[in-house]
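Q: Structure for the following, please:
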Amino acid sequence: MISTMINQLTKKATIEELKAAGLDTNYAGNNKGLQPVNANGINFTTAYISVTGHPLADLQEDMAAEEKAKVVYENLMDLTKDPDLLAPLSFLRQREVVHFNRFKTLYEEYKKMGY
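A: Numbers count the residues shown, from 1 in each chain. Okay, here's the model as predicted:
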């Protein structure tokens with residue numbers, strides 16, 4: 001969704017505007033689409049996603065990921081006052097809260113079952 005928001009913001013940008021914003025190398029390889037990278041430009045990889053096969057450990061990892069994503073959305077919200085960006089970022093942030101709570105509920109159920 002973040003890539004879609006960026007695409008919407010840049011869809012009418014000229015090549016000169018993209019160059020001025022430092023997006024010329026991205027344009028060369030991806031047009032106005034974005035390669036999934038972190039804030040430091042490191043490409044997304046699943047190499048750091050861990051699965052143990054143990055429900056409690058895996059759910060804790062899931063909950064941590066939801067918390068981290070929530071913080072990223074909050075940080076992005078701090079960087080803008082644009083209501084057209086704040087609305088979807090707020091939705092995404094709230095979605096992370098819901099996911100965290102669902103994982104937590106399942107975690108508590110598994111814990112009661114003795115995992």
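
Q: Contact partners for the residue nearest to the spatial centre of the chain?
A: The residue lying closest to the centre of the chain (Cα atoms, centre = their mean) is A69, at 5.4 Å. A69 makes contact with 92, 96, according to Cβ atoms under 8 Å, 6 or more residues apart in numbering. Bear in mind the C-beta positions are built from the backbone N, C-alpha and C, glycine included.

Q: mind listing what's buried in the regular element (helix or strand) spanning it?
A: Per DSSP states H and E: A69 is located in helix 55-78. Buried positions in helix 55-78, judged by neighbour count with 16 or more other Cβ atoms under 10 Å: 58-59, 62-63, 66, 69-70, 72-73, 76.

Q: so what does the top helix by length along the chain touch, helix or strand wise?
A: Assignment by DSSP state H gives helix 83-112 as the longest helix of the chain. Applying 3 or more Cβ pairs under 8 Å, 6 or more residues apart in numbering; DSSP states H and E, we find helix 83-112 packed against helix 2-10, helix 55-78.

Q: and A20, which of these is closest to it?
A: helix 2-10 (11.9 Å; Cβ to Cβ).

Q: Check which helices and strands the following helix or strand past the closest one is in contact with.
A: Sequence order places helix 15-20 as the next helix or strand after helix 2-10, per DSSP H and E. Secondary-structure packing of helix 15-20 (3+ Cβ pairs under 8 Å, 6+ apart): helix 24-30.
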